[in-house]
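K.L.:
Here's a sequence, model it:
(3 chains)
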Amino acid sequence: MARSVTLQRKSFNTLIAWIIGLLLFFPILWTILTSFKTEAQAIADPPVWFFFDWTLENYRVVQERSNYSRFLWNSIIIAGGSTILGMIIAIPAAWSMAFVPSNRTKDILLWMLSTKMLPAVGVLYPIYLIFIQLGLLDTRIGLTIVLMLINLPIMVWMLYTYFKEIPGEILEAARMDGAGLKEEILYVLTPMAIPGIASTVLLNIILAWNEAFWTLNLTAARAAPLTAFIASYSSPEGLFYAKLSAASTMAIAPILILGWFSQKQLVRGLTFGAVK
Amino acid sequence: MRLGKSLVASTALALIAASGAYAQSLTIATVNNGDMIRMQALSSEFTDATGIELEWVILEENILRQRVTQDIATSGGQFDIMTIGMYETPIWAERGWLVALDGLPDDYDKDDILPAMRAGLSFDGTMYAAPFYGESSMVMYRTDLMEAAGMDMPEEPTWDDIAAAAAAMTDRENNINGICLRGRAGWGENTAFITTVANSFGARWFDMDWNAQLDSPEWLEALTFYNDLLQSYGPPGAANNGFNENLTLFQQGRCGMWIDATVAASFVTNPNDSTVADSVGFALAPNKDGLDKRANWLWAWALAIPAGTQQEDAAMEFINWATSKAYLELVAEREGWANVPPGTRTSLYENPDYASIPFADMTLRSINAADPNNPTLEPVPYVGIQFVAIPEWAGIGTQAGQEFSAMVAGQQTPEQALARAQALVTDEMEAAGY
Amino acid sequence: MSTKASRSAARLMLAPAVILLLGWMLVPLTLTLIFSFQRYLPLRGGFQGWVGFENYVRFVTSSAFWPSVQATVIIVGGVLLITVTLGILLALLLDQPMWGQGMVRILVIAPFFVMPTVSGLVWKNMFMDPNNGLLSHLWRAFGADPIIWLSDASMLSIILIVSWQWLPFATLILLTAIQSLDSEQLEAAEMDGAPVLSRFWHIILPHLSRAITIVILIQTIFLLAIFAEIFVTTQGSFGTRTLTYLIFQRVLESQNVGLGSAGGIYAVILANIFALFLMRIVGKNLDR
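P.N.:
Sure thing, here's the model as predicted:
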């Protein structure tokens, strides 16, 4: 008896959850489907769903117009680079705040977050002028640095909350065994913190990949990532839903795939200290 | 300002460093319109002939404007060629930010460029940007629907003719709207169109002392007329429709009429994209009965070279290629005469092959009807027809456009929209020090 | 636990992050502050003299200022309300046993990966367009007049688009929090015959309070800065001009850097007041 109730409930849960899941995913699905239609099918009323002549024409047109691989490569370098650079700086900082806290630790942490409050549009002119002076405009390194700085507070905070959950006794035990600071971090802390680090890395890649203000305003041709790629498809002349969909799919597919494969890791560490 | 000087100096240094590494490669910023996309596709011909590599930065209009303005105002030096319009050219030229196009060879034949285009892209008599395509505005209407309604569109209609035709063609049951007009906010969108309507009703943006004139009865009459047209005969959601949305609607056969850029003529008559390709007629932009001012605008997308580029010669060479007579022939040979970038050269309109295109004659007449130096009935201190060529215009025009757009959405009356626009224009002008 | 040596080592390890962020904050902020006291019009040749607090006065007295603050608060508040409420419900649901849980989670999480520009464009054109959008087809299929989303329900549209992007984030954090809930405690309550609602109210919600604060804090930081979603949809028309967008209009459309910089300083101040308030709560939670 009890079992059949749970079975019923499980079926009900499954049904509702799948409906909601599909509803949330639908805009993406629709974009992907539309990218394989002709422009006329893309706006057809009633809409065509799966049974149409699937065409790769839109992808061909988009590829012909823009050198997708270069935009993609720039996105990878910038998102990856800013994440690596950020982790190199954030891990020691988070470590020191988590394990050698002072009475100012909390203030520093909150101050770091507050640096994200500076509205980007308000400081565009200053940053642009500085970039000109440093010769960093339209360079990958310039964008990498900016995106690293933008996301650094989030990285530090995420790592800090994760590190804090690691019991201090383990570190003490390692120290008793004669482990130095380097060994402590490398062999004791890091393995334990891998889920938190992995999750931070993933979140940061997503945030950097999708950043659309600085990446657009500080680049021209050479360092432009996929956010700039999409900016040339937003409103061309005539019907464009299918082409827009193809370009959109190309812009989000890499990160979507990465996200799906690593969603377990992402979810596991994405707590920001919410769990105690 | 000392900071400014040192910035310029260091920019120059950075540019020299950069150009060393990327010699003979031009960075071109352009807008994602069909004619420019075609230019990009054909540009391999240029590279093959000259060995000059091209880096394309193709952006949507609003983003492009923001990017190039930001870059030129800070001497960022990101682009060797910028695609700009009639609005930017005289302002930037006055600041000394553009390279004068004196270096174009003789066979470029500057005198062949339509006088209105050349005048609009010059400052102090010198041309600073070369027109890639030019346009005015005109009426595009459905000949089949007009016929069904038993009406005739005069070649030179008045606003009353337009209103009558819109009323006759509107057929909500069949999803046909009598008239489609720009409603989307932006100085280059609804404000451009509304300004031409206002001009033809005898209104103006500023008097000779730069006092905003939006509280005038002429403005109210013009704006009310525009609003009534859209409310009664316009498509749903007109407040969000810009050039592109209306083009799509017209191509789908949902508009009886559309008053917009002359370049749209080649898109609405192209059977590949347009379901109504063989039933489109053209007429001059309307005037108000009794007033001698038509609602024509004048615009050109043009190529310009920012001062300070290290690649001036190569850039000049590219501009010479892209805006030459030979380029028009190249497009004609590849894609047919209908797809040639219009509105720039006299010789194109004298070419019998081109003259047979149905919209060629009306395009030329529309361009010739526009006079940016005398845009209004009463005198004004500015040039520009659907814009006011002052640096503050982009801000003013867009914010006023948002008020007009809210009016079309039914959120305020024309009186309220004008009162708010008047206040914000006065505000902005004050902030700019007028 | 920490020795003197490790304390100085710790300081050394913290230093790069602090110095970099200090630089990232101070340099642009100082320049912005300097600009804000100037008449600085790039298209009129740049620096045109010092004007004291004129820009500050002009920015707040402009008729656009208070509506923009209001729009910001409504958008941020609306998105928070939707994402937190739906996030809790969705997290509770995902915590239940079901078939294909991993797959559902993948579907739910997906919107978070979509870049704001793309999501704005897709929603605006393919869904909310009153003539060709999917939603208009749907409305017409039921014989109704399509909603003109971006003008007649502009605020709601923006809130919906942004909520769609941030709901996954809220759901995930809340889900981890729910999963950490002691299931024995819940079962005991269930045995006692506590109704569902009271179980939720007295056990689950208090347990989630910390997670909710964190979701609110982090989302607020990002939501205050939303720009792309507005830029590609309404461009600030129909009452959707947020403070960020207003500053954008001043700096880039009107090319009045002095005025825009003053606006930037206001935004920093307002954001920090808001943040201080939030952080006090979170800070308290962090101590627990």
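K.L.:
With residue C:239 as the reference, measure out to residue C:40.
P.N.:
Residue C:40 is 29 Å from residue C:239, where distance means Cβ to Cβ, to the nearest Å. From N, CA and C alone the C-beta is placed, and that goes for glycine too.
K.L.:
Likewise for residue B:347?
P.N.:
50 Å.
K.L.:
Which one's more surrounded, the two?
P.N.:
A side-by-side neighbour count of residue B:347 and residue C:239, using other Cβ atoms under 10 Å in any protein chain shown, places residue C:239 first with 18 against 13.
K.L.:
Could I get the full set of helices for the stretch 101-250 of chain C?
P.N.:
Along the stretch 101-250 of chain C, counting by DSSP state H, counting those that start in this stretch, helices occupy C:101-109, C:116-121, C:134-141, C:149-152, C:154-179, C:183-191, C:196-199, C:205-223, C:228-232, C:243-248.
K.L.:
for the stretch 201-350 of chain B, that is, sorry about that
P.N.:
Along the stretch 201-350 of chain B, counting by DSSP H, counting those that start in this stretch, helices occupy B:217-233, B:243-251, B:264-268, B:312-322, B:325-335, B:346-350.
K.L.:
Does the residue positioned nearest the centre of chain A belong to a helix, a strand or coil?
P.N.:
Chain A has residue A:206 as the residue nearest its centroid, 0.7 Å off, counting by Cα atoms, centre = their mean. Of the three states, residue A:206 takes helix under DSSP: H, G, I helix; E, B strand; the rest coil.
K.L.:
So it is in contact with residue A:256, correct?
P.N.:
No. Contact criterion Cβ atoms under 8 Å: residue A:206 and residue A:256 do not qualify, at 9.9 Å.
K.L.:
Can you work out which residues contact both of these two?
P.N.:
Shared contacts of residue A:206 and residue A:256 (Cβ atoms under 8 Å, 6 or more residues apart in numbering or on different chains): residue C:113.
K.L.:
Run through the residues that contact the closest residue to chain C within the stretch 151-300 of chain B.
P.N.:
Minimum separation of the stretch 151-300 of chain B from chain C (Cβ to the nearest Cβ) falls at residue B:237, amounting to 3.4 Å. For residue B:237, the contact set (Cβ under 8 Å, 6+ apart) comprises C:129, C:130, C:131, C:146, C:148, C:150, C:151.
K.L.:
now stretch A:92-109: mean pLDDT?
P.N.:
Average pLDDT, stretch A:92-109: 85.
K.L.:
what comes up buried for stretch C:33-42?
P.N.:
Neighbour-count burial for stretch C:33-42, counted by 16 or more other Cβ atoms under 10 Å in any protein chain shown, picks out C:33, C:35, C:36, C:37, C:38, C:39, C:40, C:41, C:42.
K.L.:
Inside strands: which ones of the residues you listed?
P.N.:
C:38, C:39, C:40, C:41 (DSSP state E).
K.L.:
give me every residue that touches the third one.
P.N.:
The reference is to residue C:40. With the criterion set at Cβ under 8 Å, 6+ apart, residue C:40 makes contact with C:46, C:47, C:48, C:256, C:257, C:258, C:261.
K.L.:
for the last one, same thing?
P.N.:
When contacts are counted by Cβ under 8 Å, 6+ apart, residue C:41 is found next to B:391, B:432, C:48, C:255, C:256, C:257, C:258.
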